[in-house]
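Q: just coords:
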């Protein structure tokens, strides 16, 4: 049974979160222009932003950047850099500390904003806000007087709309850099809310600038500006994929929290059902759209049947619902484009589907893009579902003949940020540690407890 203190803590979280969620829903909607050099900059090209939870939930109007907006932001960041970078470290840290206290006060509001923006469940939304608090605390504690590269661009998608991009911005600013943030136009609100907090903390004009990005062309305008010395990117999608070539093409510092398949291997595990429960949560919580969501599991043919049975059993317990409902495990897809992509893949690989693969229906689900989590099977060499991360709630099972083939499949997998194994054999675990090409390795656990922004630290933002 859960510990009484933990139950009380969870109940208090739910109460405070629900209150802020309702406040955001009832707040009068307004326009959100870009914020550059301390000024609100409207392009005159706006778009209406709705929530993936239900398209009837409207945030307000955001601005598409027009030609020259990025250059204007770069000039504002350049103008602010000399005074900001020459400021003594404790003085810079004081601004971050002031903003930190305001983030703590607004933790539930920020988390609620993440939910309305992305459809993530409450647990993951709170982790976004709490992880940002941890990063800000660390930035204040570890800031040192050091040479700062200059301007950093922060480019992000919806997979971590707050902790990863805002955390990167905090470290960059604490190290003496100035920042231009380009959140996805589909999910800009959490970063705009963070920008408001920085303003109320009195951050000097031009140190943090923000505008939405609707395409790689906007990102490229930023990355190709010679004044920009570093890029921190997080998420997955065409914009982020294009940025992967930056370290080769341009002399830019690059920090990436790029979502890959986060594969999980299963080999002679001592507890197949527990492994399956962890895999299912790793794959499908928040519709498989977290930075660390798993989209591939590799198993030997001799264990495949047992694993499939255990996965199906765990998947049947998942609840697909409005994420504001506390019972929800799986919320909506981010957009109609994602729904179309999901449906096309399911049609193309209909013969591979073991479970799921269709729209989720319910009394309050028709206003959003809700789908049932999907388990599919692919051979090791002839199905794209086993080759790349779709960013969707699709878990692809790849079976291989033996241990050697399992590690060969792992080597050929786009791991991204993590690789995990469930195994009771210490020799195989040691071999896994040698072969897994991922920043973070998990042994006998999945990715469900991994946090956004864990690859960030102060050293990465100084010379």
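A: Looks like it came in fine. From a predicted model like this one, the values you see are computed outputs, not experimental measurements.

Q: sketch out the low-pLDDT regions of this structure for me.
A: Within the chain, the set of residues satisfying pLDDT under 70 comprises 1-9, 145, 245-250, 380-382.

Q: which stretches of the stretch 251-400 of the chain form helices?
A: 272-284, 301-315, 336-348 (DSSP state H, counting those that start in this stretch).

Q: chain center to the last one, what's the gap?
A: Looking back up the chat, that one is helix 336-348. Remark: helix 336-348 is offset 21 Å from the chain centroid, using Cα atoms, centre = their mean, to the nearest Å.

Q: check which helices and strands the strand or helix carrying residue 93 sits against.
A: Counting by DSSP states H and E, the element that carries residue 93 is helix 89-105. In terms of contact count using 3 or more Cβ pairs under 8 Å, 6 or more residues apart in numbering; DSSP states H and E, helix 89-105 is assigned the packing partners helix 122-142, helix 163-174, helix 189-200. (Each C-beta comes from the backbone N, C-alpha and C, glycine too.)

Q: hey, what's the angle from the last one to helix 89-105? Just curious.
A: Taking axes from the mean of the first three to the mean of the last three Cα atoms, to 10 degrees, helix 189-200 and helix 89-105 form an angle of 130 degrees between their directions.

Q: report the separation between the residue of the chain positioned farthest from its centre and residue 101.
A: Most distant from the centre of the chain: residue 302, at 34.9 Å, with distances by Cα atoms, centre = their mean. In this structure, residue 302 and residue 101 are separated by 56 Å, where distance is defined by Cβ to Cβ, to the nearest Å.

Q: packing partners for the lengthiest helix in the chain?
A: For the chain, the longest helix by residue count, based on DSSP state H, is helix 4-26. Counting contacts by 3+ Cβ pairs under 8 Å, 6+ apart, helix 4-26 is packed against helix 107-118, helix 122-142.

Q: quickly run through the sheet partners of the helix or strand just after it, with directions.
A: Moving toward the C-terminus from helix 4-26, the next helix or strand (DSSP H and E) is strand 30-32. When pairs are called by DSSP bridges, strand 30-32 turns out to pair with strand 58-63 (parallel).

Q: which residues are contacting the strand it pairs with?
A: 29-34, 41-51, 116-117, 185, 188-189, 192, 211-212 (Cβ atoms under 8 Å, 6 or more residues apart in numbering).

Q: export the helices and strands packed on helix 89-105 to a markdown table and tack on mean neighbour count and distance to residue 75?
A: Putting those into a markdown table (neighbours: other Cβ atoms under 10 Å; distance: least, Cβ to Cβ, whole Å) gives the following:
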| stretch | mean neighbour count | distance to residue 75 |
| --- | --- | --- |
| helix 122-142 | 21 | 26 |
| helix 163-174 | 30 | 18 |
| helix 189-200 | 21 | 18 |
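
Q: out of these, which comes closest to residue 260?
A: For the helices and strands packed on helix 89-105, distance to residue 260 was read as Cβ to Cβ. The smallest value, 14.6 Å, belongs to helix 163-174.

Q: distance between the closest one and the chain's centre?
A: Relative to the mean C-alpha coordinate of its chain, helix 163-174 is positioned 14 Å out (Cα atoms, centre = their mean).

Q: next: stretch 181-198.
A: How far stretch 181-198 lies from its chain's middle: 14 Å, per Cα atoms, centre = their mean.

Q: and what of stretch 282-291?
A: From the chain centre to the centre of stretch 282-291 is a distance of 10 Å (Cα atoms, centre = their mean).

Q: show me which positions of that stretch end up buried.
A: Under the neighbour-count criterion of 16 or more other Cβ atoms under 10 Å, stretch 282-291 has 282, 283, 284, 285, 286, 287, 288, 289, 290, 291 buried.

Q: how about stretch 82-93?
A: By 16+ other Cβ under 10 Å, the buried positions in stretch 82-93 come out as 84, 85, 87, 92, 93.

Q: hmm, who's touching it?
A: In this structure, residues lying in contact with stretch 82-93 by Cβ under 8 Å, 6+ apart are 139-140, 143-145, 148, 173-174, 176-178, 204, 206-207.

Q: pick out the most distant pair among those residues.
A: Based on Cβ to Cβ, the longest span within the contacts of stretch 82-93 runs between 144 and 206 and measures 22.8 Å.

Q: between these two, which one's more packed in?
A: When residue 144 and residue 206 are compared for neighbours, residue 206 comes out ahead with 23 against 11, by other Cβ atoms under 10 Å.

Q: contacting residues for that one?
A: Shown in contact with residue 206 (Cβ under 8 Å, 6+ apart): 36, 37, 38, 76, 77, 79, 80, 81, 84, 178.
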